[in-house]
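A.B. asks: missing the sequence, but the structure's below:
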């Protein structure tokens, strides 16, 4: 299971998603160009000290990412407001890459067409979409629930204050 970000343009969201990947032991891919330098203070603040704990693979372009993906036989699952199927109705696999587009523009048509599945997280009518970091957390949570069933649940304390 991997997460890929297509030309991310908000450093705080990218840092938050990379922190999510670090905590859940998921590889993160950034498809360039990003709309900010990785030295950006907002990016660093959102990722905190977790950025050293995540495997980040950067791809110079969409075409290089696509070539790498195809060579490795990985399935591309795009999350988009134009998705054809609800994300909870999808069957995830270990070789999936969960792809999220730019916060400001999503992905271009050729990227959407290359996806093996196009999923949507349904929201209330009249509202556009969730924050990309929130969508990534929801999507990754469901994908890991399906693909990592033997991971023991965290034991909660007997008493929660």
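C.D. replies: All right, it came through fine. Keep in mind it's a predicted model, so treat the numbers as computed, not measured.

A.B. asks: Can you find the helix or strand of this structure with the lowest average pLDDT?
C.D. replies: None of the helices or strands of the chain scores lower by mean pLDDT, DSSP states H and E than helix 41-47, at a mean of 62.

A.B. asks: Paired strands for the helix or strand just after that helix, with orientation please.
C.D. replies: Using DSSP states H and E, the helix or strand that follows helix 41-47 towards the C-terminus is strand 56-59. Sheet pairing of strand 56-59 (DSSP bridges) gives strand 27-31 (parallel).

A.B. asks: Residues contacting the strand it pairs with, please?
C.D. replies: 2-8, 14, 17-18, 21, 54-59, 61-62, 65, 97 (C-beta atoms under 8 Å, 6 or more residues apart in numbering). Yep, even glycine has a C-beta here, placed from its N, CA and C like the rest.

A.B. asks: Mind checking which of the residues you listed are buried?
C.D. replies: For the contacts of strand 27-31, a burial check counting by 16 or more other C-beta atoms under 10 Å picks out 2-8, 14, 17-18, 21, 54, 59, 62, 65, 97.

A.B. asks: Which pair of the residues you listed spans the longest distance?
C.D. replies: Using C-beta to C-beta, the buried ones among the contacts of strand 27-31 span at most 21.7 Å, a distance reached by 54 and 62.

A.B. asks: picking up where we left off before, among the contacts of strand 27-31, which lie within strands?
C.D. replies: 2, 3, 4, 5, 6, 56, 57, 58, 59, 97 (DSSP state E).

A.B. asks: what would those look like in JSON lines with distance to residue 72?
C.D. replies: Shown next, in JSON lines, are the ones in strands among the contacts of strand 27-31 (distance: C-beta to C-beta, whole Å):
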{"residue": "2", "distance to residue 72": "10"}
{"residue": "3", "distance to residue 72": "15"}
{"residue": "4", "distance to residue 72": "12"}
{"residue": "5", "distance to residue 72": "18"}
{"residue": "6", "distance to residue 72": "18"}
{"residue": "56", "distance to residue 72": "17"}
{"residue": "57", "distance to residue 72": "11"}
{"residue": "58", "distance to residue 72": "16"}
{"residue": "59", "distance to residue 72": "12"}
{"residue": "97", "distance to residue 72": "9"}
